[in-house]
Structure formats: structure tokens, C-alpha cells
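[1] One predicted model, sequence on top.
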Amino acid sequence: MFHDGFMGGGMWFGWLFWIVIIGLVIFLIVRLTNQKTGSQNIQSNENPLDVLKKRYARGEITKEEFESMKKDLQ
């Protein structure tokens, strides 16, 4: 009788463990997603020339593209 009660309790503990793990994974995904969108909002306060310089520095655009876009901004 004691053995049956213990196994039933162990089964609930197993379910509870996985529910907590899945909840933590969802929490981390949501938190990381919010951090990425939050950092984009902060960067939107920069002036366009600064953004252009950063894109060029990261190698996202070529020198020709940089010069053309810079000319358009001025």
C-alpha cells in the first residue's frame, strides 16, 4: 500500500518537474525576444548618420553604398 502511494506521488512530481522546465523555457524565450525589440527601440533614437556609420563598420554595406546613403542624408 505504501509503495503504491509513493509511486503515485512520484508520478505527479515528474509532471510538475516538466511543467516547471517548460515554463522556464517559455519565460526565457519571451525575455530574450523582449530584450531584442527593446534594444532596437533604443537605437531608433540615434541620428540616421550614426546608424549608417555603424552599418558600414559592421560590414553590412559597402563603401559605395555608405557614400551614396550619406550623400542622400545631407
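    Looks like it arrived, so ask away. Note that the structure is predicted; figures quoted are calculated from it, not measured.

[2] Phi and psi next, for Ile61.
    Per-residue torsions, Ile61: phi -130, psi 160 (degrees, to the nearest 10).

[3] Let me fix that, I meant to ask about Arg58.
    Here Arg58 shows phi and psi, under degrees, to the nearest 10, equal to phi -80, psi -10.

[4] Let's verify Val25: helix, strand, or coil?
    helix (DSSP: H, G, I helix; E, B strand; the rest coil).

[5] Would you mind measuring from it to Trp12?
    Val25 is 21 Å from Trp12, where distance means Cβ to Cβ, to the nearest Å. Yep, even glycine has a C-beta here, placed from its N, CA and C like the rest.

[6] same question, Ile29
    26 Å.

[7] Then Ile21?
    Distance from Ile21 to Trp12, by Cβ to Cβ: 15 Å.

[8] Over to Thr62?
    In terms of Cβ to Cβ, Thr62 sits 61 Å off from Trp12.

[9] before we move on, what about Asp72?
    For Asp72 relative to Trp12 (Cβ to Cβ), the value is 64 Å.
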